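Q: generate a structure from the sequence data that follows.
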Amino acid sequence: MNARPESVVIVGAGQAGLQVAASLRDQGYEGAITLVGDEAGLPYQRPPLSKSFLTGDVAADDLSLEEAHWFDDARIERLAGERVGAIDRKRKRLALLSGRVVSYDHLVLATGSRNRSLPFATQPAHGVVSLRSVSDAHRLKAALGDAKRVVVIGAGFLGLEVASIAAARGCDVHVVESVDRVMKRAISAEMSAAYTAHHRASGVRFSFDARVERILGSGDHACAVELADGTRLDADLVLVAAGVVPNGELATACGLPAFNGIIVDERLRTSDPAISAIGDCAAFPYAFDGGDLLRLESVQNAVDQARHVARALLGDVTPYDQTPVFWSDQGGARLQIAGVARRLDSSVVRGDPASGAFSVFRYRHHRLTGVESCNRPAEHMAARRLLQRRISPTREQAADPSFDLKLLLTLEEAV
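A: Numbering: from 1, shown residues only. The predicted model follows:
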C-alpha cells in the first residue's frame with residue numbers, strides 16, 4: 001500500500017466501512033470511493049439496537065450515521081441494497097448479484113458477521129427472533145410490547161442486554177446458556193458472578209450447561225423451549241443470541257486465507273496487497289499478545305481499524321496497535337472492558353463486587369492483559385491508557401482501591 005490508489009471500493013456499509021470512506025476524505029484523499037452495502041437504507045449504528053432503541057430512548061431516525069446528502073458532498077458513491085457475488089482479483093473488479101461490475105484499485109472488506117443459527121430443521125414461524133439489523137430490532141421491539149414470557153438463548157452481551165430490558169418491562173425472563181456462566185468468552189469468573197447476581201436480583205432466571213433441543217410451537221407461534229434434559233420453558237417470545245460467524249466467504253472464494261476471519265497482517269492487508277480487511281470479519285495479529293491472531297466484535301475496533309487502513313492507503317506504514325475496548329449496558333450495570341485477557345489469566349479484584357462498582361484486573365504472570373470495570377468509568381479510562389503504554393501496576397497496587405492508577409501514568413510521562 002505504498003502507492004496511493006486511484007480508486008477505493010469498500011464492501012460493507014456498517015460502521016467500519018463508512019469510517020474508511022470518511023477517514024480517506026478527512027485526510028485529503030481525492031480518488032474515487034465506492035461504498036457497497038447489502039442493506040437498502042443509510043448506514044446506521046448497531047450498538048443501540050439492543051439497548052436504547054429497544055427502550056425507546058433512541059428513535060429509528062437517530063440511528064443513521066450520516067444523512068444522504070453527506071455522501072454527495074463527500075463524493076462517495078453509495079451502492080445500497082447491492083450484494084457482491086464474486087471478487088476477481090486478477091482483473092481487480094467485483095461482480096455484483098445485480099449484474100453490475102465495479103472495478104477497484106484497492107479493495108477493503110468490511111463485511112462484518114452474521115448471527116449463528118440454531119441447528120433445527122424447523123421452528124415456529126412467529127415468536128422467534130434474532131437481532132442483527134435494524135429490521136430485526138423493529139421486530140423485536142414490537143414483540144417485546146406483547147411478550148409476557150421471554151426465553152433468551154445465549155448469555156453473551158446481546159442476550160443479557162435484551163434480558164435486562166425485558167425484565168424491566170415486567171416479563172418473566174429465562175436465559176439459557178450452553179456453558180457454565182455468563183459472558184464466559186469475554187470476562188473473568190469474578191465479573192461473571194457479579195453480573196449473574198445482578199440479573200437474578202432483577203428476576204432473571206438461568207439455565208447453565210444447557211442445550212436447547214427444540215423450540216415448540218402452538219400453531220405457527222412459539223410457545224416453549226425444550227432443553228436436552230427434558231425441561232420445558234414456556235415462552236411467547238424466544239430471542240436467539242447464540243453468537244456470530246464472520247462473513248469471510250467472499251475472501252475464501254477468491255483464494256484469500258481465512259480462519260475464524262479473513263487473515264490480515266500487522267497493517268491489516270490480506271495476502272493480496274490490493275485487498276484489506278477490517279472489523280468483525282478480520283483476524284489480525286494482536287500486538288499485545290506477540291502477534292497471535294485475534295478477531296474482535298467491537299465497534300471501537302472496527303472504527304480504529306478503519307482509520308488505520310485509511311492512513312495506510314495514504315502512505316502510513318505503521319503497524320496496527322490499539323487497545324481493544326468493549327462495553328455493555330445491562331440494567332444499570334455498565335460493563336467496560338479494556339484489553340483482551342485469556343481464559344487462564346489470573347484475576348485481581350479492585351473494590352467490592354457487592355457494591356455494584358468494582359473492577360477486575362487480569363494478569364498473565366506479572367503483565368496486565370485486560371481490565372473489566374462495572375460502573376467504574378474513571379478506572380476504565382485509566383486502564384486503557386495503562387494498557388496502551390504497556391504499564392502494569394503490581395497486583396498489590398491493583399487490589400488497593402486507594403492507590404492512584406494515574407500516578408503510574410504520571411511517572412511514566414516524567415521519565
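
Q: contacts, neighbours, all on C-alpha from now
A: Will do.

Q: got phi/psi on the residue lying closest to residue 215 once chain neighbours are set aside?
A: Closest residue to residue 215 apart from its sequence neighbours, by C-alpha to C-alpha, 6 or more residues apart in numbering: residue 225 at 4.6 Å. Residue 225 has phi and psi values of phi -120, psi 130 when expressed as degrees, to the nearest 10.

Q: before we move on, what about the one 5 residues further on?
A: With angles defined as degrees, to the nearest 10, residue 230 sits at phi 90, psi -10.

Q: now the helices for this structure?
A: Secondary structure of the chain (DSSP state H): helices at 15-26, 52-55, 68-73, 134-146, 157-168, 189-201, 249-253, 299-313, 377-388, 395-399, 405-414.

Q: which of these sits closest to residue 219?
A: Closest approach to residue 219 among those (C-alpha to C-alpha): helix 134-146, 17.1 Å.

Q: between the closest one and helix 157-168, what angle do the directions make?
A: Computed by axes from the mean of the first three to the mean of the last three C-alpha atoms, to 10 degrees, the angle separating helix 134-146 from helix 157-168 equals 30 degrees.

Q: can I get helix 134-146 in PDB, CA atoms only?
A: Taking C-alpha atoms only, helix 134-146 is exported to PDB below (Å, rounded to 0.1, in the frame of the first residue of the first chain):
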ATOM      1  CA  VAL A 134     -32.400  -2.500  12.200                       C
ATOM      2  CA  SER A 135     -35.300  -4.500  10.800                       C
ATOM      3  CA  ASP A 136     -34.600  -7.300  13.300                       C
ATOM      4  CA  ALA A 137     -34.700  -4.600  16.000                       C
ATOM      5  CA  HIS A 138     -38.100  -3.300  14.900                       C
ATOM      6  CA  ARG A 139     -39.500  -6.900  15.000                       C
ATOM      7  CA  LEU A 140     -38.000  -7.500  18.500                       C
ATOM      8  CA  LYS A 141     -39.300  -4.200  19.800                       C
ATOM      9  CA  ALA A 142     -42.800  -4.900  18.600                       C
ATOM     10  CA  ALA A 143     -42.700  -8.400  20.100                       C
ATOM     11  CA  LEU A 144     -41.500  -7.200  23.400                       C
ATOM     12  CA  GLY A 145     -44.500  -5.000  23.600                       C
ATOM     13  CA  ASP A 146     -46.800  -8.000  23.800                       C
END
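
Q: got CSV for the helices of the chain, with mean neighbour count too?
A: Below are the helices of the chain laid out as CSV (neighbours: other C-alpha atoms under 10 Å):
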stretch, mean neighbour count
helix 15-26, 23
helix 52-55, 18
helix 68-73, 11
helix 134-146, 16
helix 157-168, 24
helix 189-201, 17
helix 249-253, 16
helix 299-313, 23
helix 377-388, 18
helix 395-399, 17
helix 405-414, 12
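
Q: weakest of these by average pLDDT?
A: Ranked by mean pLDDT, the helices of the chain end with helix 405-414 at the bottom, a mean of 80.

Q: helices and strands around it, which ones?
A: helix 377-388 (3 or more C-alpha pairs under 8 Å, 6 or more residues apart in numbering; DSSP states H and E).

Q: and the helix it packs on, C-alpha only, in PDB?
A: C-alpha atoms of helix 377-388 as PDB (Å, rounded to 0.1, in the frame of the first residue of the first chain):
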ATOM      1  CA  PRO A 377     -15.700   4.800  34.200                       C
ATOM      2  CA  ALA A 378     -12.700   6.700  35.500                       C
ATOM      3  CA  GLU A 379     -10.900   3.400  36.300                       C
ATOM      4  CA  HIS A 380     -11.700   2.100  32.800                       C
ATOM      5  CA  MET A 381     -10.200   5.200  31.200                       C
ATOM      6  CA  ALA A 382      -7.000   4.800  33.300                       C
ATOM      7  CA  ALA A 383      -6.800   1.100  32.400                       C
ATOM      8  CA  ARG A 384      -7.000   2.000  28.700                       C
ATOM      9  CA  ARG A 385      -4.000   4.300  29.000                       C
ATOM     10  CA  LEU A 386      -2.100   1.800  31.100                       C
ATOM     11  CA  LEU A 387      -2.600  -1.000  28.600                       C
ATOM     12  CA  GLN A 388      -1.800   1.200  25.600                       C
END
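
Q: nearest to residue 272, of the helices of the chain?
A: Smallest distance to residue 272 across the helices of the chain (C-alpha to C-alpha): 10.3 Å, for helix 249-253.

Q: how about the strands in the stretch 251-400 of the chain?
A: 262-263, 275-277, 282-286, 292-294, 325-330, 333-339, 346-350, 358-364, 367-374 (DSSP state E, counting those that start in this stretch).

Q: ranges for the strands of the stretch 101-250 of the chain?
A: Counting by DSSP E, counting those that start in this stretch, the strands of the stretch 101-250 of the chain are 101-103, 106-109, 113-115, 128-129, 149-153, 172-176, 205-207, 212-218, 221-227, 232-234, 237-240, 244-246.

Q: tell me who's in contact with residue 259.
A: residue 283 (C-alpha atoms under 8 Å, 6 or more residues apart in numbering).

Q: any idea of the pLDDT on it?
A: Reading off the confidence values, residue 259 has pLDDT 93.
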